[in-house]
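S.K.: 3D, please:
(one chain, ligands or ions: 2)
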Amino acid sequence: MTDTAVRVVGTAGHVDHGKSTLITALTGIDPDRLREERERGMTIDLGFAWVTLPGGGDVGIVDVPGHQDFIRNMLAGVGGIDAVILVIAADEGVMPQTREHLAILSLLGVDRGIVALTKRDLVDAEWAALVSDEVRGALAGTPLAGAPLVEVSATARTGLDRLLRTLEEVLGAAPARRDQARPRLPVDRAFTMSGFGTVVTGTLVDGSLAVGDEIEVVPGGARARVRGLQTHKRTIEVAAPGSRVAANLSGIDKDAIGRGMVVVRPGTLVAVSVIGARIRILEAASGPLAHQDTVKVHVGTAEAVARVSVLGGPAIAPGSEDWVQLRLAEPIAVLVGDRLVLRRPSPSETLGGGIVADTSGERMRRRSDAVAALDRRSATSVADRLLASLDVPRTPEEAGLRSGLDAAVRDAALDDLVATGRAVRLADAVLAREAFEALAVRAERTLALAHRRTPLRPGASREELRSTLGQPPKRYAALVATLVAAGRIVERGTMLALPAHRPTLSEEQEARWTAARAALGRDPLQPPAVSVLLAEQGIDRELLGALIERGDLVRVSPDAVFLPDAVQGFGEAVIGALERGRTITVAAARDLTGSSRKHVLPLLQFLDDHGLTRRVNDDRILIHAPAIARERLRAAVGASGERTGESA
Ligand SMILES: Nc1nc2c(ncn2[C@@H]2O[C@H](COP(=O)(O)OP(=O)(O)O)[C@@H](O)[C@H]2O)c(=O)[nH]1
Ligand SMILES: [Mg+2]
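M.R.: Ligands and ions are numbered 1, 2, ... in the order given. Below you'll find the predicted structure:
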């Protein structure tokens, strides 16, 4: 027993051509499990069986109904299959549902399979050859054109071994099922088993499922846990992508889950009500698909009624294709890249199908905009597809989801886009260069507006800017850092500003400042406290901030400001003294500069803080050579505000 080749095949073909009988002959399991099916001798719903191939691998088989009344069940069954066994009765040959199933397989991208020419016991060799030719003609131009044809009889049990060997060859050439670590189990059956509770079955795609996993059911959002797993009635711990799975779920009622829903890891898939897709209408369709037509959309095991907006013109003629937007009556769980089939409800007919290109739900006002957006999203190059999904910052996972790329391809393409400057990283997210530019320009405009509204303020607060850009904190911080590094905006204390912005004072404020400067200049090393400036000179906090910003004042401590020249002079005096005497005490600094202890303490602390001096017990010593200390002093006095030409 090998677990490596976990494959699923489906049957297809006209009613009564011998599909179910063939599966029973091959597997010993009668796929017609419903009493009604057994009574009527006709498959109504999906049936399931499995068989061990000659080489040892197991293959699951989904048996579908052939009758045209049950095409919807057939569609639910062939979603995740690796290959098809197209069954054609040798006595009847190609019939309407042979062609319809063939068309559906082609729309769903099932391009591997074999033709089983059944009921071979009922015809002679000449007739069989004739029908074979007819079959070749029907397959011509379809993805199954080159499929091997095997003549079998289920009742006489001829050709069965050859059929299995051929099936093994076809499956051997099939690519491994993709594993995107994002399992999806489109549910085809949900039922209760006494002693177990709710069980769902389906063909698992895109990832594996393990016992103990927490899952979510989409749509609906119900949560549950995987209590047990089986494939082909064998109990397993982990189900591999591409396998038939029966999952026993705990914590969920049977009524909360059914065909059409998808079991996923919580939060990895959302249901959508608007789908953008490129749709091809079958050559054999009875008429065009017109704008505003009502159709049935089939994707995975789900189906939904939808209104069609044809985007490129009034209608899509048989044999041609166009973009459409499907507005669904009920949301369904789909991903970009999923195949879908459109049917007309009555008279029942398969119209065509295509690939989901957009699930963003955006409704474009103009058709041309919608077409352009969909063209971009479905662009053939991987990088372009990815880029099209980066119209706003998205995580690699989100971008991959939207562009239908798996992790390895996605990450390589992202690295390339970032390296070539076509995309920009912001924390956990990436966005297209144009989208980044749009954000950058919005940031600049917001700041320009803030500067105009509050000319005195050094800038806008980070929170103000963030609220207009609407980004989560980490991405916003990364955006600001990128713009600062590029010199497009500057940080002014806790504020952000355009580099050219200088706080501008009104005439009246300038007058107040002139008076305050005179007060500060009277005894520059013993200036009035901030509280006094406020009370007596009308220098409020905002004006004070602007003056510091302009470089007219140096903030030495939260409550002490000095004129720049005073700080400069004090610093030079201290450096000079330390050049001569190595250490200086607070008292010595006070006497040297003719200041007071109250003022000298914060000034000395300021020098410490700016890396000129260091405190050793009650003394200060120079950290570096005097030349370096002088340079640091200039920087410290200048850096507490950006010095403008006039005040420097
Ligand atoms: N003589 C003969 N009859 C067959 C063979 N396979 C199926 N049948 C009969 O054809 C009828 C339809 O078969 P069934 O498997 O239900 O067809 P399905 O609708 O394609 O699943 C049944 O009466 C079968 O007994 C076969 O190889 N030879
Ligand atoms: Mg059948």
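
S.K.: ok, and the closest non-adjacent residue to the residue of the stretch 201-350 of the chain at minimum distance from ligand 1?
M.R.: Here the residue of the stretch 201-350 of the chain nearest ligand 1 is Ser348; by CB to the nearest ligand atom that distance is 17.9 Å. Where you see a C-beta, it was placed from the backbone N, CA and C, and this is true even at glycine. Leaving aside its chain neighbours, Ser348 sits nearest to Gln68 (6.5 Å; criterion: CB to CB, 6 or more residues apart in numbering).

S.K.: for the one you found, give me its contacts.
M.R.: By CB atoms under 8 Å, 6 or more residues apart in numbering, Gln68 lies in contact with 15, 96-97, 100, 348.

S.K.: now the buried members of these.
M.R.: The neighbour-count test (16 or more other CB atoms under 10 Å) marks 15, 97, 100 as buried among the contacts of Gln68.

S.K.: what residues are up against the residue of the stretch 501-648 of the chain found nearest ligand 1?
M.R.: Per CB to the nearest ligand atom, His501 is where the stretch 501-648 of the chain lies closest to ligand 1, at 78.2 Å. Shown in contact with His501 (CB under 8 Å, 6+ apart): 447, 451, 458-459.

S.K.: how about those, which pair is most distant?
M.R.: Leu447 and Pro458 (10.9 Å; CB to CB).

S.K.: list the residues that contact both of those two?
M.R.: In contact with both Leu447 and Pro458: 497, 501, using CB under 8 Å, 6+ apart.

S.K.: for the contacts of His501, which one is nearest Gly551?
M.R.: Set against Gly551, the nearest of the contacts of His501 by CB to CB is Pro458 (11.4 Å).

S.K.: thought that closest one was touching Gly545?
M.R.: Yes. If you go by CB atoms under 8 Å, Pro458 and Gly545 touch, sitting 6.2 Å apart.

S.K.: so what sits against both of these two?
M.R.: With CB under 8 Å, 6+ apart as the test, Pro458 and Gly545 both reach 493, 503.

S.K.: and the two? which has more neighbours close in?
M.R.: Higher neighbour count among Pro458 and Gly545: Pro458, with 25 against 21, using other CB atoms under 10 Å.

S.K.: just the element for the more buried one, please.
M.R.: Taking DSSP states H and E as the definition, Pro458 sits outside all helices and strands.

S.K.: for Ala190, list each beta-bridge partner.
M.R.: In this entry, Ala190 is beta-bridged to Val200, by DSSP bridges.

S.K.: distance check, it against Gly220.
M.R.: 12 Å (CB to CB, to the nearest Å).

S.K.: what's the overlap in contacts for the two?
M.R.: With CB under 8 Å, 6+ apart, Ala190 and Gly220 have common neighbours Ile257.

S.K.: pretty sure the residue of the stretch 201-350 of the chain closest to ligand 1 sits against Leu75.
M.R.: No. Using CB under 8 Å, Ser348 makes no contact with Leu75, being 11.9 Å away.

S.K.: interface residues of the chain facing ligand 1?
M.R.: Contact residues (CB under 6 Å from any ligand atom) of the chain with ligand 1: 15-21, 41-43, 66, 87, 118-119, 121-122, 153-155.

S.K.: just the pLDDT at Ala438, thanks.
M.R.: On the pLDDT scale, Ala438 is placed at 79.

S.K.: give me the neighbour count for it.
M.R.: For Ala438, the neighbour count with other CB under 10 Å is 14.

S.K.: helix or strand: which one has it?
M.R.: helix 433-453.

S.K.: I'd like the next helix or strand past that helix.
M.R.: Next helix or strand after helix 433-453 toward the C-terminus (DSSP H and E): strand 460-461.

S.K.: hang on, Leu122 packs against Ala128?
M.R.: No. Here Leu122 does not reach Ala128: they are 9.7 Å apart, not a contact under CB under 8 Å.

S.K.: which residues of this structure lie near ligand 2?
M.R.: Contact residues, the chain versus ligand 2 (CB under 5 Å from the ion): 19-20, 43.

S.K.: name the member of those with the most neighbours.
M.R.: Most surrounded of the residues of the chain next to ligand 2: other CB under 10 Å gives Lys19, at 31 neighbours.

S.K.: that one touches His67, doesn't it?
M.R.: No. If you go by CB under 8 Å, Lys19 and His67 don't touch, sitting 11.0 Å apart.

S.K.: and for those two, which residues touch both?
M.R.: Thr43.

S.K.: for Gly611, give me its contacts.
M.R.: By CB under 8 Å, 6+ apart, the neighbours of Gly611 are 623-624, 632.

S.K.: give me the buried entries from those residues.
M.R.: By 16+ other CB under 10 Å, the contacts of Gly611 give Arg632 as buried.

S.K.: which residue in the contacts of Gly611 has the weakest pLDDT?
M.R.: Looking at the contacts of Gly611 by pLDDT, the weakest one is His624, with 87.

S.K.: and it, how far from Arg614?
M.R.: Using CB to CB, His624 is found at 10 Å from Arg614.

S.K.: coming back round to it: which one of the contacts of His501 is nearest to Val263?
M.R.: Closest to Val263, out of all of these and judged by CB to CB, is Leu447, at 48.1 Å.

S.K.: contacts only, for the residue in the stretch 151-300 of the chain that ligand 2 sits nearest to.
M.R.: Going by CB to the ion, ligand 2 is nearest to Ala154 of the stretch 151-300 of the chain, at 11.4 Å. By CB under 8 Å, 6+ apart, the contact list for Ala154 reads 18, 21-22, 24-25, 118-119, 160.

S.K.: any chance of these in TSV, with distance to Ser557 and pLDDT too?
M.R.: Converted to TSV, these look like this (distance: CB to CB, whole Å; pLDDT from 0 to 100):
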residue	distance to Ser557	pLDDT
Gly18	94	97
Thr21	94	97
Leu22	91	98
Thr24	91	97
Ala25	93	97
Thr118	95	98
Lys119	99	97
Leu160	94	97
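
S.K.: quick check: the two most widely separated of these?
M.R.: Distances among these were taken as CB to CB; the most separated pair is Thr24 and Lys119, at 14.2 Å.

S.K.: C-terminal to the strand or helix carrying Asp608, what's the next element?
M.R.: Asp608 belongs to helix 597-609 when elements are defined using DSSP H and E. Per DSSP H and E, helix 597-609 leads on to strand 613-616 as the next helix or strand towards the C-terminus.

S.K.: in terms of secondary structure, what does that next one contact?
M.R.: helix 597-609, strand 619-622 (3 or more CB pairs under 8 Å, 6 or more residues apart in numbering; DSSP states H and E).

S.K.: pLDDT of stretch 209-217, averaged?
M.R.: Stretch 209-217 comes out at a mean pLDDT of 94.

S.K.: hmm, who's touching it?
M.R.: 183, 185, 222-229, 237-239, 245, 247, 249, 252, 256-257, 261-269.

S.K.: ok now it, how far from the chain's centre?
M.R.: 21 Å (CA atoms, centre = their mean, to the nearest Å).

S.K.: so how far is the first residue of that stretch from its last?
M.R.: End-to-end distance of stretch 209-217 (CA to CA, to the nearest Å): 14 Å.

S.K.: what does stretch 462-481 give?
M.R.: Across stretch 462-481, the terminal residues are separated by 12 Å (CA to CA).

S.K.: next: stretch 383-399.
M.R.: 11 Å.
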